[in-house]
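Engineer: This is the structure alone, sequence omitted:
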């Protein structure tokens, strides 16, 4: 088990404030400061620094905080299993908003017999990865880009990523569309931190363009309102085909024939690197 100084430092790395850390631990601020200094002395590492009176966590400190959160989360989970060998342990997963619309139900169907308690956090890719690092979830279902050197993962499938619009958009002439033609449209796009947004943004960057270059940009945090707006005759958007399979089949929406836009993206089950429970997460992925 980790000693209290480690836990204090992990909380400080999260709050970035000695005052808030002291309040949460019911300690005095000098006591927290002393614990951090003692830990730095023991390890021979600088864990925190000040820049213009602003506390920052050093790169070494960030790695240590991540390690502490991982060990703490996994040790608590293991102890629960050891103490209650005949009982099902809770499952905590995270899922991006896009995947919650077409993949999450299938995953939950696979999990419901494995635990009496299943907790699901739905958020964008960035938030899910932060929750995983902090030990707030066991694994995440993400479609956005992530640092594959920091996390272990199983690729579930490749999903087509397409441009879509309403059926009678004057932009549709039967000819392949150029980026310049797209920029004349209203773009419906997810919020910063969304994996969907990042994929499209990366494609634009490759073509020397940005989201702000569109005639109008409407940011929406979930895919459902975007799809609803599209079906009412508003704008264009870019997302996974599975999100709009029904609307495409009915003819309410159509795929944009964009020249050079042929993207597929990985959908991954992501968990902490070198996790003790890796075999369990891989078994879940095998049935998704």
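Structural biologist: Received, thanks. These figures come from a predicted structure and were not determined experimentally.
Engineer: Low-confidence ranges, the chain, go.
Structural biologist: Applying pLDDT under 70 to the chain flags residues 1, 85-88.
Engineer: what's the domain layout of it?
Structural biologist: Domains of the chain are assigned by automatic domain parsing as 4-58, 72-152+269-286, 158-265.
Engineer: Show me the one of the ones you listed that comes nearest residue 64.
Structural biologist: domain 4-58 (6.5 Å; Cβ to Cβ). All C-beta spots, glycine's among them, are computed from the backbone N, C-alpha and C.
Engineer: so how far is that closest one off the chain centroid?
Structural biologist: 27 Å (Cα atoms, centre = their mean, to the nearest Å).
Engineer: Same question for stretch 70-83.
Structural biologist: With Cα atoms, centre = their mean as the basis, the mean position of stretch 70-83 lies at 23 Å from the chain mean.
Engineer: Go ahead and name everything in contact with it.
Structural biologist: 1-2, 7, 10, 89, 133, 135, 138, 272, 275-277 (Cβ atoms under 8 Å, 6 or more residues apart in numbering).
Engineer: Kindly report the same for stretch 6-26.
Structural biologist: Residues outside stretch 6-26 that contact it (Cβ under 8 Å, 6+ apart) are 27-29, 31-33, 35-36, 39, 47-48, 55-57, 61-62, 64-65, 68-69, 72, 134.
Engineer: Please repeat the previous calculation with a cut-off of 6 Å.
Structural biologist: For stretch 6-26, contacts defined as Cβ atoms under 6 Å, 6 or more residues apart in numbering pick out 29, 32, 35-36, 39, 55, 57, 65, 68-69.
Engineer: Please report which of these has the highest neighbour count.
Structural biologist: With neighbours taken as other Cβ atoms under 10 Å, the top of the contacts of stretch 6-26 is residue 32, carrying 24 neighbours.
Engineer: helices or strands next to the one helix or strand that residue maps to in the packing?
Structural biologist: Taking DSSP states H and E as the criterion, residue 32 maps to helix 29-43. Here helix 29-43 touches helix 4-15, helix 18-25, going by 3 or more Cβ pairs under 6 Å, 6 or more residues apart in numbering; DSSP states H and E.
Engineer: and those as a markdown table, adding mean neighbour count?
Structural biologist: Putting those into a markdown table (neighbours: other Cβ atoms under 10 Å) gives the following:
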| stretch | mean neighbour count |
| --- | --- |
| helix 4-15 | 20 |
| helix 18-25 | 16 |
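Engineer: closest to residue 164 out of the ones you listed?
Structural biologist: With Cβ to Cβ, the closest approach to residue 164 among these belongs to helix 4-15: 39.0 Å.
Engineer: okay, now residue 288: neighbour count?
Structural biologist: 16.
Engineer: and if you look at residue 73?
Structural biologist: So residue 73, with other Cβ under 10 Å, has 21 neighbours.
Engineer: So what touches the helix holding residue 32?
Structural biologist: Contacts of helix 29-43 (Cβ under 6 Å, 6+ apart): 5, 8-9, 18-19, 21-22, 47.
Engineer: Show me where this structure has its helices.
Structural biologist: Taking DSSP state H as the test, the helices found in the chain are 4-15, 18-25, 29-43, 59-83, 97-100, 104-111, 125-133, 179-182, 195-206, 223-231, 245-250, 278-286.
Engineer: Of these, which is nearest residue 217?
Structural biologist: Across the helices of the chain, closest to residue 217 is helix 195-206 (Cβ to Cβ), at 10.8 Å.
Engineer: Enumerate every residue touching the residue nearest to the spatial centre of the chain.
Structural biologist: In the chain, the centroid-proximal residue (Cα atoms, centre = their mean) is residue 125; its distance is 1.9 Å. The contact partners of residue 125, taken as Cβ under 6 Å, 6+ apart, are 96, 142, 144, 195.
Engineer: Also residue 119?
Structural biologist: By Cβ under 6 Å, 6+ apart, the residues touching residue 119 are residue 92.
Engineer: Next one: it from residue 155, what distance?
Structural biologist: Distance of residue 119 to residue 155, given as Cβ to Cβ, to the nearest Å: 24 Å.
Engineer: Same question for residue 146.
Structural biologist: Residue 146 is 12 Å from residue 155, by Cβ to Cβ.
Engineer: Neighbour count: those two, which is higher?
Structural biologist: Taking other Cβ under 10 Å, residue 146 and residue 155 do not tie; residue 146 has more neighbours (21 against 10).
Engineer: Next, count neighbours for residue 215.
Structural biologist: Residues near residue 215, counting by other Cβ under 10 Å, number 11.
Engineer: now swap in residue 47 and tell me
Structural biologist: 21.
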